[in-house]
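Colleague: Here is my input; please provide its structure:
(one chain, ligands or ions: 1)
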Amino acid sequence: MTLEALKQACSTCHDCRLSQKRRNVVFGEGNPASPLVLVGEGPGDEEDKTGRPFVGRSGQMLDRALADNGLSRADVYICNTVKCRAADWSTGKPQNRPPSPDEVATCRQWLVPQLEAISPWVIVCIGAPSAKNLIKKDFKITQERGKYFRCAYAKTAIATLHPSYILRQSTKEFDGGYSLLVADIHLAWTTALRLREENRG
Ligand code: URA
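Modeller: The predicted structure follows:
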């Protein structure tokens with residue numbers, strides 16, 4: 001299936017409970033010919049509202065980390081582990097929550113063919129849920145970020161800290177790990193360019 005056909009099919013998915021409260025499916029966007037795909041956790045409020053990945057506070061930080069590497073969204077492809085917002089509605093006011101294992105498993109029917117259609121050289125897993133889904137179940141984000149791992153959907157995968165974690169850790173004196181996010185994207189991008197160059201026919 002083409003990426004466009006996949007996006008179309010995904011937009012009417014009702015295979016898990018996340019579809020009940022969503023305003024928009026957030027399929028992903030960017031350059032499908034890019035050698036680099038970034039895979040986050042899942043849409044938050046802003047993403048659910050707009051149908052676009054990483055457009056809230058985390059997205060602004062991701063844009064800055066891309067820009068600090070001389071990159072923009074047009075250079076990469078950005079998507080998420082789950083395509084609909086995961087939130088706890090029990091108090092009336094929705095609170096974002098990590099997607100549950102069954103929600104992640106159900107949404108692989110979209111993520112896997114999406115990655116196969118793009119076939120990037122490198123995948124950056126943004127945050128632990130993405131790394132656990134695409135690299136290995138027991139991935140330890142603080143110990144194992146910034147390293148190469150085998151991945152079924154790219155030549156290699158690298159995980160990095162999630163901007164929402166960095167925002168929570170940030171203080172006046174500490175960047176919360178922002179410099180690591182920039183460094184991990186740098187490693188992933190230079191690796192992706194090198195792999196693409198080495199394999200030009
Ligand atoms: N956090 C994510 O993991 N993905 C988004 O699209 C937005 C915030």
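Colleague: dump the residue contacts of whatever residue of the chain ends up closest to the ligand.
Modeller: The ligand sits closest to residue 40 of the chain, with a gap of 2.9 Å, by C-beta to the nearest ligand atom. No exception for glycine: its C-beta is placed from N, CA and C like everyone else's. Neighbouring residues of residue 40 by C-beta atoms under 8 Å, 6 or more residues apart in numbering: 53, 54, 58, 78, 79, 80, 81, 126, 127, 130, 162.
Colleague: And the fifth one, its phi and psi?
Modeller: Meaning residue 79. Backbone torsions for residue 79, taken as degrees, to the nearest 10, come to phi -150, psi -170.
Colleague: Which residues are in contact with it?
Modeller: By C-beta under 8 Å, 6+ apart, the residues touching residue 79 are 27, 28, 29, 37, 38, 39, 40, 53, 111, 114.
Colleague: Excluding sequence neighbours, find me the nearest residue to the first one.
Modeller: Same thing as residue 27. Once flanking residues are discounted, residue 27 sits nearest to residue 7: 4.6 Å by C-beta to C-beta, 6 or more residues apart in numbering.
Colleague: What count of nearby residues applies to the one you found?
Modeller: 18 (other C-beta atoms under 10 Å).
Colleague: picking up where we left off before, so which of the contacts of residue 40 are also by the ligand?
Modeller: Residues of the contacts of residue 40 in contact with the ligand (C-beta under 6 Å from any ligand atom): 53, 54, 58, 80, 126.
Colleague: and the last one, bridged to which residues?
Modeller: Pointing back at residue 126 there. residue 160 (DSSP bridges).
Colleague: Kindly report the same for the fourth one.
Modeller: Applying DSSP bridges to residue 80 yields these beta-bridge partners: residue 40.
Colleague: What pLDDT does the model give it?
Modeller: On pLDDT, residue 80 comes in at 98.
Colleague: And it, how far from residue 62?
Modeller: From residue 80 across to residue 62, the span is 12 Å (C-beta to C-beta, to the nearest Å).
Colleague: more neighbours, these two?
Modeller: residue 80 (28 against 25).
Colleague: Can you pull the residues of this structure lying near the ligand?
Modeller: Contacts of the chain with the ligand, taken as C-beta under 6 Å from any ligand atom, map to 40-44, 47, 53-54, 56, 58-59, 80, 126.
Colleague: closest to residue 175 among these?
Modeller: Of all these, residue 175 sits closest to residue 58, with 15.1 Å by C-beta to C-beta.
Colleague: Determine the number of other residues adjacent to the residue nearest to residue 17 when sequence neighbours are not counted.
Modeller: Leaving aside its chain neighbours, residue 17 sits nearest to residue 103 (7.4 Å; criterion: C-beta to C-beta, 6+ apart). A total of 18 residues lie near residue 103 under the criterion other C-beta under 10 Å.
Colleague: longest helix in the protein, by residue count?
Modeller: With secondary structure taken from DSSP state H, the chain has its longest helix at helix 178-198.
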